[in-house]
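*Asks:* Quick one, what's the 3D model for this:
(2 chains)
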Amino acid sequence: QKEVEQDPGPLSVPEGAIVSLNCTYSNSAFQYFMWYRQYSRKGPELLMYTYSSGNKEDGRFTAQVDKSSKYISLFIRDSQPSDSATYLCAKSTPNKLVFGAGTILRVKS
Amino acid sequence: GAVVSQHPSWVICKSGTSVKIECRSLDFQATTMFWYRQFPKQSLMLMATSNEGSKATYEQGVEKDKFLINHASLTLSTLTVTSAHPEDSSFYICSAAPGFPGNEQFFGPGTRLTVL
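*Replies:* Next comes the predicted model:
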């Protein structure tokens, strides 16, 4: 079993939709989680990081961690074509990040 | 803040030559820098972790003599691909971590290496 599981998609939604991106994780000894956005042929950009359970909001983005079910989510409200990218979830360990496979998101205008 | 630069952004070289890629944290000191490799439509594959002034720690299966990493200062790390071959062609991305609070990493824009 991989430490971080993420459905690679692609996920295709119409402009303005609410997008839900999800990951599950194991080995929860060190509980910082991150979401990165990666455009084609670019380096990943840190969107949000969270610690412990609960929600964290930043503009149209909300990151959610449910430690009881070992589930992390990223919600994007009012999605835009410019949100089309690959979204990577990551779990922090003391020495490195463990990434999910990345979900390809396509927002159609 | 938290800007990481990478140079060059792309490079084409002949088989057998060596290529050096630089990674710099521009506005923070990075206790740790990481080097990743990414194949098309795949996730990031960690190659090695480096701390300033010490030897890099390589992931299993990564040849340390092939991929030389030098972490000369808290803002600069270099990756040298020695005796490059076509199978080394890939997208190489570095990241830098300030070390607090959650070990988040900030990524460079990547370097596309093509070996002919």
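*Asks:* near chain B, which residues of chain A?
*Replies:* Counting by CB under 8 Å from any CB of the partner chain, the residues of chain A lying close to chain B are A:32, A:34, A:36, A:41-46, A:49, A:51, A:88, A:92-97, A:99-102. (C-beta placed from N, C-alpha, C; glycine too.)
*Asks:* Can you tell me which of those residues are buried?
*Replies:* A:32, A:34, A:36, A:42-44, A:46, A:49, A:88, A:92, A:96-97, A:99-102 (16 or more other CB atoms under 10 Å in any protein chain shown).
*Asks:* Could you tell me which residues of chain B lie near chain A?
*Replies:* Residues of chain B lying near chain A (CB under 8 Å from any CB): B:2, B:4, B:6, B:34, B:42-44, B:46, B:49, B:91, B:93, B:95, B:101-110, B:112.
*Asks:* what bridges to the residue in chain A that chain B sits nearest to?
*Replies:* Here the residue of chain A nearest chain B is A:Tyr32; by CB to the nearest CB that distance is 3.2 Å. Applying DSSP bridges to A:Tyr32 gives these bridge partners: A:Tyr51.
*Asks:* What of A:Glu45?
*Replies:* A:Arg37.
*Asks:* ok, now which ones touch it?
*Replies:* A:Tyr36, A:Arg37, A:Gln38, A:Tyr39, B:Phe107 (CB atoms under 8 Å, 6 or more residues apart in numbering or on different chains).
*Asks:* Spatially, which two of the residues you listed are the most separated?
*Replies:* Among the contacts of A:Glu45, the pair separated by the greatest distance (CB to CB) is A:Tyr39 and B:Phe107, at 11.6 Å.
*Asks:* okay, the two: which has more neighbours?
*Replies:* B:Phe107 (23 against 12; other CB atoms under 10 Å in any protein chain shown).
*Asks:* Isn't the more buried one up against A:Arg37?
*Replies:* No: here B:Phe107 lies out of contact with A:Arg37, judged by CB atoms under 8 Å, at a distance of 10.6 Å.
*Asks:* Find residues that contact each of those two.
*Replies:* Counting by CB under 8 Å, 6+ apart, the residues touching both B:Phe107 and A:Arg37 are A:Pro44, A:Glu45.
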